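Enquirer: this is a predicted model, with the sequence first.
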Protein chains: 2
Amino acid sequence: MSPCSVADRARATIHDVATLSGLSICTVSRALRGLPNISPASQLRVEEAAEKLGYRASSAAARLAGGKTGHVAIVVPKTTAWFFAEAVEAAEEALAHGGLDSVLMSLRGREHVKDALFRNPDELSERVDGVLLLGVNLDPVQLEALAASKLAVASVGLSDVPWDNVGIDDEAAAWRATRHLLDLGHWDVAILAGNEPSDGTVRTAAHRQAGFERALDDEHLETDPDMMVCTESTIDGGYRAMTELLAARRRPAAVFSGCDEAAFGALKALREHGITAPKGVSVIGIDDHPMSSFLGLTTVSQPVADQGAFAATLLAERLDNPELGSPPQDHRLPTSLIERKTTRRARH
Amino acid sequence: MSPCSVADRARATIHDVATLSGLSICTVSRALRGLPNISPASQLRVEEAAEKLGYRASSAAARLAGGKTGHVAIVVPKTTAWFFAEAVEAAEEALAHGGLDSVLMSLRGREHVKDALFRNPDELSERVDGVLLLGVNLDPVQLEALAASKLAVASVGLSDVPWDNVGIDDEAAAWRATRHLLDLGHWDVAILAGNEPSDGTVRTAAHRQAGFERALDDEHLETDPDMMVCTESTIDGGYRAMTELLAARRRPAAVFSGCDEAAFGALKALREHGITAPKGVSVIGIDDHPMSSFLGLTTVSQPVADQGAFAATLLAERLDNPELGSPPQDHRLPTSLIERKTTRRARH
DNA sequence: CCAGGCTCTGTAAGCGTTTACAAGCTCGTT
DNA sequence: AACGAGCTTGTAAACGCTTACAGAGCCTGG
């Protein structure tokens, strides 16, 4: 009975495991990492010894020798928006499940942070093995540099990227939302469209606007420029956009907002004009923000956590077998219309 | 003109810096870490060489040799709540500023995750140098284990912990909110109190309830048990609690909610009973959730980002000079009343 | 019986830092 | 003129793991 059996003062090293199992360090290392060419007997002895010692490899040492950090960067524009918070949480869980630590990197809307990060990805690759991009808008140069680096990459919500991406079909979602308005008999539909740089990897707003236009086009309806207003994807943005819309001479019968948060702002603006959706104006959004059910907003929901988790899993898999040369894929998760209280049939 | 000056293929090592500066590895190491006993001249030469080579120490190697990872764990119950998302963002920024990488660890409400993390902090200390606890409720055993470990610790929103903590004066904030209701002439005040285990490190709800009671006590008012209802700190929780309250025979003149989100739910429940605050019932919360201004909720605001950033800074400082034996402190940041549209003077 | 090919295992050389410890200098003292 | 204190700098040994590479058995086929 040694004086200290469990929780020995100093961590057990691979050396201790080797001694206890009567094998060499090298054999232990291989056994523990599941490499081939190990006799079942040795494998077992190593496992038993490791178990008994409560051995856990030092990631620092492993990194130094083998070049792996066991860390993945989760990069987001900010953590404070609902979408990102949700996606980060799910991604972190999936990565932890794969034995990976998540290093959070928030851009906080500062271009220079993004630049520092992606301008030379070699610096980044010293810190992490892979990068998970959540709605991060890379310009062509940054995209190129990242793709050329040795980092494994996966993303959520990007377009046309040379790595695994997970998202929804934004165009289809917007089409569905607009279609719903049309089906209710509203012919005079306005859009609160998001505005974002068009040369980057994030093209959500553009796709949603395209879906809106296609739905109108299906009905051979013109898209009236007066009925389209660009806005930031925030409550305030939606509020201002809707106010602007109401200032125009014609009031729309229904409003499609590119995102729920802007729809909240729109609802507020309407209320201040004495209009309570769906009376007078129907309103629909996209996202299914947690506040939406509270406010009764009709919307097209998207599975945010699923997207984060899925992308993280794909990344973890690539990291596990880097040689695996399957081409990067673009995955589209399903969305669904949720009817609540801000839309109703038109009274002609 | 070497063929590749900037962004050389292989990272520059400390060796390269030593060669370029004409000094030894050891001197370079010391200079770079700001240790004393370095001549200004050498210091300068090292810095120039490092700069020129774009040198950045390998955290893995540093960790292996020196026992430092350059990583800090940010632990939160979940990232998806506004408070935590905000605090995490600010903390990450502050830590990054100090050259530290933030490893995000979300408990996601799973006790076993927390247990695995804190039951033996030695495992944790192999991965990170320090831990930043954001509203994490540790039981006495976990608290003990963490305090005994060699990890540096700082926290936000905890009570009676043996390390630096940052928070607000919850009792005072609740007192202020309740006082506001009283000042408006509402004598019949109800409270939507949070419920949380009472033996942990998080005692926000208890303190807020205490503040409420003290305010009433100041006026020699009894706290009617019927006017106190416990709830989860969520919209749904507030909704249910308010509904319950309204089912009782006496309707309160005003409601103090321990947090804004519960107040949202309360507002909804009131509306469904045909009551629109402040008509009939005044409502006040604590937090200043972003939705609060949208909904016009009167509340006592707290500086969330500041708390996260402050705690992170304190942690980074401890990490920088570990010997620095200043005793841990408890810092209280100021709150302030924000009057909006859900409270108004009573009409007696 | 032996060459040649397997499979399994061990040796030893790093990986890029940190850190005792020792060595070399410069001064001020005696 | 010599000695030691006080700075500054260099040497070399870890730190715990991975990985070429070499070696030891063992089997198969000619």
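Expert: It's in. Numbers count the residues shown, from 1 in each chain, chains lettered A, B, ... in the order given.
Enquirer: CA atoms for contacts and neighbours, from now on please.
Expert: Fine.
Enquirer: so for stretch A:25-44, mean pLDDT?
Expert: Per-residue pLDDT values over stretch A:25-44 give a mean of 90.
Enquirer: what does stretch A:71-82 give?
Expert: The predicted model gives stretch A:71-82 an average pLDDT of 93.
Enquirer: ok, that stretch near DNA strand D or not?
Expert: No. Contact of stretch A:71-82 with DNA strand D is not found when judged by CA under 7 Å from any atom of the strand; the minimum separation is 14.5 Å.
Enquirer: is any part of that stretch close to chain B?
Expert: Yes. For stretch A:71-82, a contact with chain B is found by CA under 8 Å from any CA of the partner chain, at A:Lys78, A:Thr79, A:Thr80, A:Trp82.
Enquirer: give me the buried positions along that stretch.
Expert: By neighbour count on 16 or more other CA atoms under 10 Å in any protein chain shown, the buried set for stretch A:71-82 is A:His71, A:Val72, A:Ala73, A:Ile74, A:Val75, A:Val76, A:Pro77, A:Lys78, A:Thr79, A:Thr80, A:Ala81, A:Trp82.
Enquirer: need the contact list for the second one.
Expert: In this structure, A:Val72 makes contact with A:Leu100, A:Asp101, A:Ser102, A:Val103, A:Val128, A:Asp129, A:Gly130, A:Val131, A:Leu132, judged by CA atoms under 8 Å, 6 or more residues apart in numbering or on different chains.
Enquirer: in helices, which of the buried residues of stretch A:71-82 appear?
Expert: Cross-referencing the buried residues of stretch A:71-82 against helices under DSSP state H gives A:Trp82.
Enquirer: tell me where the stretch 51-200 of chain A has strands.
Expert: Listed in chain order, the strands of the stretch 51-200 of chain A (DSSP state E, counting those that start in this stretch) span residues A:71-76, A:101-106, A:130-134, A:152-156, A:164-168, A:189-194.
Enquirer: and the ones you listed: which comes nearest A:Ala61?
Expert: When the strands of the stretch 51-200 of chain A are compared by CA to CA, strand A:71-76 sits nearest A:Ala61, at 13.8 Å.
Enquirer: the strands of the stretch 51-200 of chain A: which one's closest to DNA strand C?
Expert: DNA strand C sits nearest to strand A:71-76 of all the strands of the stretch 51-200 of chain A, at 17.0 Å, using CA to the nearest atom of the strand.
Enquirer: ok, now which ones touch the closest residue to chain B within the stretch 101-250 of chain A?
Expert: Using CA to the nearest CA, the single residue of the stretch 101-250 of chain A nearest to chain B is A:Val103, 4.4 Å away. Contact partners of A:Val103, counting by CA under 8 Å, 6+ apart, are A:His71, A:Val72, A:Ala73, A:Ile74, B:Asp101, B:Ser102, B:Val103, B:Leu104.
Enquirer: at 10 Å what do you get?
Expert: Shown here is A:Val103, whose contacts under the criterion CA atoms under 10 Å, 6 or more residues apart in numbering or on different chains are A:71-75, A:92, A:127-128, A:131-132, B:71-74, B:92, B:101-105.
Enquirer: picking that back up, in a markdown table: the contacts of A:Val72, plus pLDDT and distance to A:Ser155.
Expert: Output for the contacts of A:Val72, formatted as a markdown table (pLDDT from 0 to 100; distance: CA to CA, whole Å):
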| residue | pLDDT | distance to A:Ser155 |
| --- | --- | --- |
| A:Leu100 | 89 | 17 |
| A:Asp101 | 90 | 17 |
| A:Ser102 | 94 | 14 |
| A:Val103 | 94 | 15 |
| A:Val128 | 88 | 16 |
| A:Asp129 | 89 | 15 |
| A:Gly130 | 92 | 11 |
| A:Val131 | 95 | 8 |
| A:Leu132 | 97 | 5 |
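Enquirer: now render the residues of stretch A:71-82 next to chain B as TSV, adding distance to DNA strand C.
Expert: Putting the residues of stretch A:71-82 next to chain B into TSV (distance: CA to the nearest atom of the strand, whole Å) gives the following:
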residue	distance to DNA strand C
A:Lys78	30
A:Thr79	31
A:Thr80	34
A:Trp82	38
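Enquirer: which of these lies closest to DNA strand D?
Expert: With CA to the nearest atom of the strand as the yardstick, the closest approach to DNA strand D among the residues of stretch A:71-82 next to chain B comes from A:Thr79, at 33.3 Å.
Enquirer: dihedrals phi and psi, the residue of the stretch 151-300 of chain A found nearest DNA strand C?
Expert: Nearest to DNA strand C in the stretch 151-300 of chain A, going by CA to the nearest atom of the strand, is A:Leu151, at a distance of 16.8 Å. A:Leu151 has phi and psi values of phi -70, psi 140 when expressed as degrees, to the nearest 10.
Enquirer: check A:Val283 too.
Expert: When read as degrees, to the nearest 10, the backbone of A:Val283 gives phi -130, psi 140.
Enquirer: and it, what are its bridge partners?
Expert: When bridges are taken as DSSP bridges, the partners of A:Val283 come out as A:Val255.
Enquirer: same question, A:Val300
Expert: The residues that A:Val300 bridges to, once DSSP bridges is applied, are A:Ile286, A:Leu337.
Enquirer: just confirm it contacts A:Ile284, I think it does.
Expert: Yes. Taking contacts as CA atoms under 10 Å, A:Val300 lies within contact range of A:Ile284: 8.0 Å.
Enquirer: quick one: end-to-end length of stretch A:156-172, please.
Expert: Distance between the boundary residues of stretch A:156-172 (CA to CA, to the nearest Å) amounts to 17 Å.
Enquirer: revised request: answer the last question for stretch A:187-204.
Expert: The first and final residues of stretch A:187-204 sit 25 Å from each other (CA to CA).
Enquirer: buried residues, it. List them.
Expert: A:187-196, A:200-204.
Enquirer: cheers, nothing more for now.
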